[in-house]
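Student: Curious how this folds, go ahead:
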Amino acid sequence: MGLLDSIVGQVSGALAGAAPGTAPAAGQVHPGLLDVVTSMLSSEGGAGGGLQGLVQRFEQQGLGHLVQSWIGTGHNLAITPEQVQAVIGEPHIQALAQKLGLSTADITNQLAGLLPHAIDAATPGGAPAQGSVLSEALNAFAALRR
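Tutor: So this is what the prediction gives:
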């Protein structure tokens, strides 16, 4: 199985959502949030800073151990909706809720399920994917919304 197939399998399995603390079931994930997560991980410049910027925000909030578990090859630690809000920021969460027509609780709950799997998929082998591999991983992740 190729890297892209592996990434698609990981994220598809995550979106199927089985156990508590995992990604919501596919029917419960707003397609716009998949775009948001893909954008968070792929933005190289601007306010987002891409994957590196997101990792830095986790570390600034004292949650570096969570994001490192997703990047590493071991078990992915769960994140709470409150921790998502601390990292992403309440103003951004509110803007997303307004844009997507969801409550802020829906946004943080769904992102708590999506972020670990998306970051895990974008860091195959425990290291951030670069160039075309990252693009393929993010495209595969985004394609799951269709």
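Student: can you point me to the longest helix in the chain?
Tutor: Ranked by residue count under DSSP state H, the longest helix found in the chain is helix 104-121.
Student: for that one, which positions count as buried?
Tutor: Using 16 or more other CB atoms under 10 Å as the burial criterion, the residues of helix 104-121 that qualify are 104, 106-121. For the C-beta atoms, the positions are set from N, CA and C on the backbone; glycine is no exception.
Student: Flag the shaky bits of the protein, pLDDT-wise.
Tutor: 1-28, 43-48, 129-146 (pLDDT under 70).
Student: again, only this time at 50
Tutor: Across the chain, the ranges flagged by pLDDT under 50 are 1-5, 7-8, 12, 15-27, 45-46, 145-146.
Student: so where do the helices sit in it?
Tutor: Listed in chain order, the helices found in the chain under DSSP H are 3-16, 31-42, 50-60, 64-71, 81-88, 90-100, 104-121, 131-143.
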